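In: Sequence first, then the predicted structure:
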Amino acid sequence: MDVRAYSLLILATVVTPAYGQDTTKTAPPPIPARSATNPRLLPDVSMVGDLIGDFSRRGSTQEGGQRFAVREVELAIQSAIDPYFRGDVFLGLNDEEKISIEQAYLTATALPGGLEARFGRFLMPFGKQNMTHRHDLHTIEYPWVLQRFLGPEGLKGTGIYLSKVFSPLGFYQELQVTATDRFGEFDESLQTTEPVNTKLANLGFSARLRNYVDLTNHANLEISASAITGKRPGEAVGVPGVNAVTARQSLIGIDATYRWRPLKQGLYRSFILQAEILRQLNGGGDIPAGLPAARYLGPTANSTGGYVYSRYQLTRRTFLGARYDWVADPDAAGERLRAASGYWQFFPSEFSKILIGYERVTPPGESAYGRIMVQATFAMGPHKPHPF
């Protein structure tokens, strides 16, 4: 073999691929497209649907008179703004009010001394259940005393909130204080000589002191006292140009909650016993001087009400509850309303809840009637109902 033939043989060996070898070149994987938005800057967005069915014998007992209703769809947008602030916005959508701002507040998270501050609209820290969203209650509606004194959807306020946790006595305590633009919702048809919030003393002011004690490894007790005061418009006659005057209204309350949950059976057994008593104090109207014929027609009598509630966990997902209510109704000359109710609660998962309730209500001066209601709650996103 000459030199030329030998060189060609070596070249063929190097260039020719091995038998069966794939000579197709594989394209490099595509570079993933970069999002224009940093995911860490996106807020948590969630939604809770609150559906109601009313099977009461006398007809629907719901506000809109519907047998089946979407009571509310709540949209929550929550996010850390920066190392110093957090933002929370809760929008409520329903057939009656269309869309409303339920809560919208900025929380300062880096204040000295362990202080927490909020600025905006929030559920007022008064009593035990008022700060719980209605769809997260263990009952279908707020207790009757809260509905009569605070409103069917609870008491909200727009202003400043401060809280501080401390433990000088060996157990945890928390002081919550607020100053808000007004004390509750006003009847827009009532017109006063000047806006109620013209004077700083007429704003809504509240305070609540919570005390939390661990009784054993399985049980704890929470006791709190609350107070709120402010000026509200009340109907009046004989005042030129207006149909209302301002009047001071105050509320004081005390609540206690006992919780039991054994460590070894915490997923399957628990018990809650809760009670709350409220006292409403109504002052006389601020009738201008020099109007002897003017009269204040708003509430002047003081009223008291309360409830006792308990709930026992039967299985991991099933609970039974009962509540007794009584309230001296300020809209019925102080006559008492009484009610007793029972509830079956089932959590298919942490994102859904089914609740069936029966309530026997005795209104002031009327015969008793029964209510049969079903509630279905579902959540999408990080905000979800909690079973305990």
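Out: Yes, it's here. Residues are numbered from 1 along each chain as shown.

In: how distant is stretch 255-262 from the center of its chain?
Out: Chain-centre distance of stretch 255-262: 20 Å, with CA atoms, centre = their mean, to the nearest Å.

In: Residue 348: neighbour count?
Out: Using other CB atoms under 10 Å, residue 348 is surrounded by 10 other residues. Heads up, the C-betas are built off the backbone N, CA and C, glycines and all.

In: go on, the one 3 residues further on?
Out: By other CB under 10 Å, 15 other residues sit near residue 351.

In: Equivalent analysis for residue 94, please.
Out: 17.

In: My read is that it contacts residue 70, right?
Out: Yes. Counting by CB atoms under 8 Å, residue 94 touches residue 70, with 6.6 Å between them.

In: contact partners of stretch 90-103?
Out: 63-64, 69-77, 88-89, 104, 120-123, 133, 156 (CB atoms under 8 Å, 6 or more residues apart in numbering).

In: what do you get if the cut-off is 7 Å, keeping everything else the same?
Out: 63-64, 70-76, 88, 121-123 (CB atoms under 7 Å, 6 or more residues apart in numbering).

In: Next: stretch 174-194.
Out: Contacts for stretch 174-194 (CB under 7 Å, 6+ apart): 124-125, 150-151, 155, 157-165, 196-197, 203-210, 228, 230-233, 235, 242-246, 249.

In: tell me which residues in it are buried?
Out: For stretch 174-194, burial by neighbour count (16 or more other CB atoms under 10 Å) applies to 174, 176, 178, 180, 182, 183, 184, 190, 192.

In: Endpoints of it, how far apart?
Out: 37 Å (CA to CA, to the nearest Å).

In: pLDDT on that stretch, on average?
Out: In this model, stretch 174-194 has a mean pLDDT of 90.

In: And it, how far out from the chain middle?
Out: 19 Å.

In: quick check, nearest of the contacts of stretch 90-103 to residue 146?
Out: For these, the residue nearest residue 146 by CB to CB is residue 123; the value is 11.6 Å.

In: Out of the contacts of stretch 90-103, which end up buried?
Out: For those, buried by 16+ other CB under 10 Å: 71, 72, 73, 74, 75, 76, 88, 121, 122, 123.

In: Quick check: closest non-adjacent residue to the last one.
Out: Put plainly, it is residue 123. If the residues on either side of it in the chain are set aside, residue 123 comes closest to residue 131, at 4.8 Å by CB to CB, 6 or more residues apart in numbering.

In: so that neighbour sits right up against residue 125, yeah?
Out: Yes. With contact defined as CB atoms under 7 Å, residue 131 and residue 125 form a contacting pair (6.0 Å).

In: which of those two has more neighbours?
Out: Applying other CB under 10 Å to residue 131 and residue 125 shows that residue 125 carries more neighbours, namely 23 against 15.

In: mind checking the SS state of that one?
Out: coil (DSSP: H, G, I helix; E, B strand; the rest coil).

In: doesn't residue 132 make contact with it?
Out: No. Using CB under 7 Å, residue 125 is not in contact with residue 132, being 11.5 Å away.

In: Within its sheet, name the partner strands of the helix or strand hosting residue 212 and how each one runs.
Out: Assigned by DSSP states H and E, residue 212 belongs to strand 204-214. Next to strand 204-214 in the sheet, as set by DSSP bridges, lie strand 172-180 (antiparallel), strand 219-237 (antiparallel).

In: Among those strands, which comes closest to residue 308?
Out: Using CB to CB, the nearest of those to residue 308 is strand 219-237, at 14.8 Å.

In: highest average neighbour count across the strands paired with strand 204-214?
Out: Scoring these by mean neighbour count under mean count of other CB atoms under 10 Å gives strand 219-237 as the most buried, with a mean of 19.

In: packing partners for the following helix or strand past it?
Out: Of the helices and strands lying after strand 219-237 in sequence (DSSP H and E), the nearest is strand 244-260. Using 3 or more CB pairs under 7 Å, 6 or more residues apart in numbering; DSSP states H and E as the contact definition, the elements that strand 244-260 packs against are strand 219-237, strand 271-285.

In: what's the angle from strand 244-260 to strand 219-237?
Out: Per axes from the mean of the first three to the mean of the last three CA atoms, to 10 degrees, the angle that strand 244-260 makes with strand 219-237 is 170 degrees.

In: next one: strand 244-260 to chain centre, how far?
Out: That offset, for strand 244-260, works out to 17 Å (CA atoms, centre = their mean).

In: Also stretch 155-162?
Out: Worked out by CA atoms, centre = their mean, stretch 155-162 lies 13 Å from the chain centre.

In: List the contacts of that stretch.
Out: Residues contacting stretch 155-162 (CB under 7 Å, 6+ apart): 115, 117-124, 126, 130, 177-181, 184, 204.

In: how about a cut-off of 8 Å?
Out: Contacts of stretch 155-162 (CB under 8 Å, 6+ apart): 102-103, 105, 115-126, 130, 146, 176-185, 203-204, 206, 228.

In: List the buried residues of that stretch.
Out: 155, 156, 157, 158, 159, 161, 162.

In: Sort out for me which of these are in strands.
Out: Among the buried residues of stretch 155-162, the ones falling in strands (DSSP state E) are 156, 157, 158, 159, 161, 162.

In: Nearest to residue 279 among those?
Out: For those, the nearest to residue 279 is residue 157 (19.6 Å; CB to CB).

In: For the closest one, report the pLDDT, please.
Out: 93.

In: how far away is it from residue 362?
Out: Look at residue 157 and residue 362: by CB to CB, to the nearest Å, they are 32 Å apart.

In: for the most centrally placed residue in the chain, what are its contacts?
Out: Against the mean C-alpha coordinate of the chain, by CA atoms, centre = their mean, the closest residue is residue 133 at 2.2 Å. Residue 133 makes contacts with 48, 74, 90, 123, as judged by CB under 8 Å, 6+ apart.
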